[in-house]
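Participant: Take this sequence and fold it.
(one chain, ligands or ions: 1)
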Amino acid sequence: MAKEKKIETADNLAEFIKILKENNELLEVEKEVDPYLEITEIADRAEKEGREAILFHNVKNSKYPLLINMFGSKSRMQLALAVDNLDAIGQRIRDLIKFKKPESFSEKLDILPKIMEISKFPPKTVKKAPCQEVIKKGPDVNLDEIPIITCWPQDAGPFITLPMVITKNPETGIQNVGMYRLQKYDINSTGMHWHLHKGGAKHYKMYKEKNIKKMPVAVAIGCDPASIYSASAPLPPEISEYLFSGFLRKKSIDLVKAIESDLLVPAEADFVLEGYIDTEEALKLEGMFGDHTGFYSLADYYPVFHVTTITSRKNAIYPCTIVGIPPMEDAWMGYATERIFLAITQLLIPEIVDFHLPPEGTFHNLIFVKIKKEYPGQAYKVMHALWGLGLMSLTKIIVVVDEDVNVQNTAEAWWYTLANIDPKRDILFSKGPTDVLDHASSEFAFHSKMGIDGTKKLPEEGFKRQWPDVIKMDESVKVKVDSYYEDLMKKSSHNIGFR
Ligand SMILES: Cc1cc2nc3c(=O)[nH]c(=O)nc-3n(C[C@H](O)[C@H](O)[C@H](O)COP(=O)(O)O)c2cc1C
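Facilitator: Residues are numbered from 1 along each chain as shown. Next comes the predicted model:
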């Protein structure tokens, strides 16, 4: 494990833009661009070409600059979380776990909140905040002033795509911060696209069951990058995203009381939309939306968010992202989640050596898991355990391989698996909840699942023949060829590539 280098921690979006600039990770565009489709076309090309984050200074019909693709590479994701190696965060979690030494299964389940607490960076509340420098209430609220982009041709309208949606559990008072897209309906209302399995939706259900008509909601847009990322992280409900972002940043996040409710919002946000959801109001059609699956997610009914106040910084910057056919910016956010949450998953399922959710599987469709296999049926034990774990339960296909396979290389993982399976023997079909966005499942949010056991089979698993070794060169020959190989190749100008 490489030693962690100290990287500057941004306290807000403007500071992060400065860091991106210093690291040659920012492209500034003065040309006027249209928020209707044109920004998407530019960002999509840039993301697929592995280019920089883009700061558009001149977005048609808006005075605010727009930042896109801020998380769109491994190096930017590392800058966002102030590390030079995303695995270093998982290692910090492992070190803290060693320190806490959880024994029982329930202690292990409770470990993440404990780690966050001992990491000593709880959020701090301040009285005065940059996010409230400008306050617009009631008739002055106008979402048209914000350069909200329409991403794809069949989208139902413009969508806010990188929001931090803040709600409160009406029983415990614990806040949740989730990243759920918001379709702009008009100047003061949006859709609230929280899926059935998500924290915000659970809070909404509680308000409804308690017959509380007005559910306060605040949406922060633009913040320090670790806090924006935290809104997308699959944290258990008892962990505050603010505490988690303090842990990531190694620095507490400042919060301020919202103007209209007692929700605590990030003090350094660029914009805060304050308002409410009327739990007695009929749901409204939301979507279609060109989604991270690479397909349009179909229109469906969701609550309406009424925006009654907008507060902002004087020099606010509007950050957003686009999702679409992978790989996109969100693949790097997902990659950070994979690296960070591996440590917690290993605590609960210790035989897992590594896992990888390749971007083409768009998080929920495919995971490669490498295990240290020690007994028959262990691959199935791991599949069932993952299907029982938080948002992992939504995974459509789990592929389990042995510990000497590099699961970060999907070609290698498929090669190993395809060679090792007898399909009838090694494929398991199961059932369970699915991601709401899965358009192929016959029923909404419920589908079949497939587990593929790509591990070396044991006699008890019905394999009675000889299992061959993977081809491997002798170490002594490798060392010998290492000593002259580069020189040898330099002398040759012949290179026709692999195919
Ligand atoms: C760019 C982006 C957009 C997302 N949009 C949505 C969305 O519209 N609805 C949703 O339920 N989840 C969405 N997600 C996933 C959630 O943010 C993620 O599941 C998160 O863990 C939810 O937080 P929660 O567990 O506190 O609800 C999105 C993630 C990203 C990275």
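Participant: what residues does this structure put near the ligand?
Facilitator: Counting by Cβ under 6 Å from any ligand atom, the chain comes close to the ligand at 161, 176, 178-181, 193-195, 198-200, 232-234, 321, 323, 330, 333. Quick note: C-beta positions are derived from backbone N, CA and C, even for glycine.
Participant: Sort out for me which of those residues are in strands.
Facilitator: Among the residues of the chain next to the ligand, the ones falling in strands (DSSP state E) are 176, 178.
Participant: Would you mind checking the residues of the chain next to the ligand for buried ones?
Facilitator: 161, 176, 178-181, 193-195, 198-200, 232-234, 321, 323, 330, 333 (16 or more other Cβ atoms under 10 Å).
Participant: Take those residues and keep only those in helices.
Facilitator: Mapping these onto helices (DSSP state H) picks out 199-200, 330, 333.
Participant: Just send these back as TSV, with pLDDT too.
Facilitator: Below are these laid out as TSV (pLDDT from 0 to 100):
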residue	pLDDT
Gly199	96
Gly200	97
Asp330	97
Met333	98
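Participant: Could you single out the nearest of those residues to the ligand?
Facilitator: Taking Cβ to the nearest ligand atom as the measure, Gly199 is the one of these closest to the ligand, at 3.3 Å.
Participant: Identify the spatial nearest neighbour of the closest one, chain neighbours not counted.
Facilitator: Nearest non-adjacent residue to Gly199, counting by Cβ to Cβ, 6 or more residues apart in numbering: Asn176, 3.6 Å away.
Participant: Please apply the same query to Gly72.
Facilitator: In space, and not counting its chain neighbours, Gly72 is closest to Glu329: 4.1 Å by Cβ to Cβ, 6+ apart.
Participant: can I see the domain layout of this protein?
Facilitator: Residue ranges for each domain of the chain read 13-320, 349-461, as given by automatic domain parsing.
Participant: tally of neighbours for Ala14?
Facilitator: Neighbourhood size, Ala14 [other Cβ atoms under 10 Å]: 18.
Participant: Also Val265?
Facilitator: Other residues close to Val265 by other Cβ under 10 Å number 28.
Participant: List of residues touching the helix or strand where Ala226 lies?
Facilitator: Remark: Ala226 resides in helix 225-230, with elements defined by DSSP states H and E. The contact list for helix 225-230, computed with Cβ atoms under 8 Å, 6 or more residues apart in numbering, reads 9-10, 13, 16, 70-71, 77, 79-82, 162, 164, 177, 179, 222, 241-242, 244-245, 248-249, 253, 266, 319, 333, 336.
Participant: What of stretch 351-365?
Facilitator: 292-294, 326-328, 331, 334-335, 338, 342, 345-346, 366-374, 378, 382, 391, 394-397, 403, 407-408, 410, 413, 434-435, 437-438.
Participant: Could you give me the ChimeraX selection string for whichever of those residues are buried?
Facilitator: The buried residues among the contacts of stretch 351-365 can be selected in ChimeraX (16+ other Cβ under 10 Å) with this line:
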select :292,293,326,327,328,331,334,335,338,342,345,346,366,367,368,369,370,371,373,378,382,391,394,395,396,397,407,410,413,434,435,437,438
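Participant: So which of the contacts of stretch 351-365 belong to helices?
Facilitator: Those of the contacts of stretch 351-365 mapping onto helices are 331, 334-335, 338, 342, 345-346, 378, 382, 410, 413, per DSSP H.
Participant: from these, which single one is nearest the ligand?
Facilitator: For the ones in helices among the contacts of stretch 351-365, the nearest to the ligand is Gly334 (7.2 Å; Cβ to the nearest ligand atom).
Participant: Tell me who's in contact with that closest one.
Facilitator: By Cβ under 8 Å, 6+ apart, the neighbours of Gly334 are 357, 359, 363.
Participant: Tabulate these (CSV), appending neighbour count.
Facilitator: As requested, the contacts of Gly334 are exported to CSV (neighbours: other Cβ atoms under 10 Å):
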residue, neighbour count
Leu357, 22
Pro359, 17
Phe363, 24
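Participant: My read is that the residue nearest to Gly199 contacts Pro237, right?
Facilitator: Yes. If you go by Cβ atoms under 8 Å, Asn176 and Pro237 touch, sitting 6.8 Å apart.
Participant: Pull up the overlap in contacts between those two.
Facilitator: Both Asn176 and Pro237 are contacted by 169, 199, 202, under the criterion Cβ under 8 Å, 6+ apart.
Participant: Chain neighbours aside, what residue packs nearest to the first one?
Facilitator: Read it as Asn169. The spatial neighbour of Asn169 that comes closest, neighbours along the chain excluded (Cβ to Cβ, 6+ apart), is His203 at 5.7 Å.
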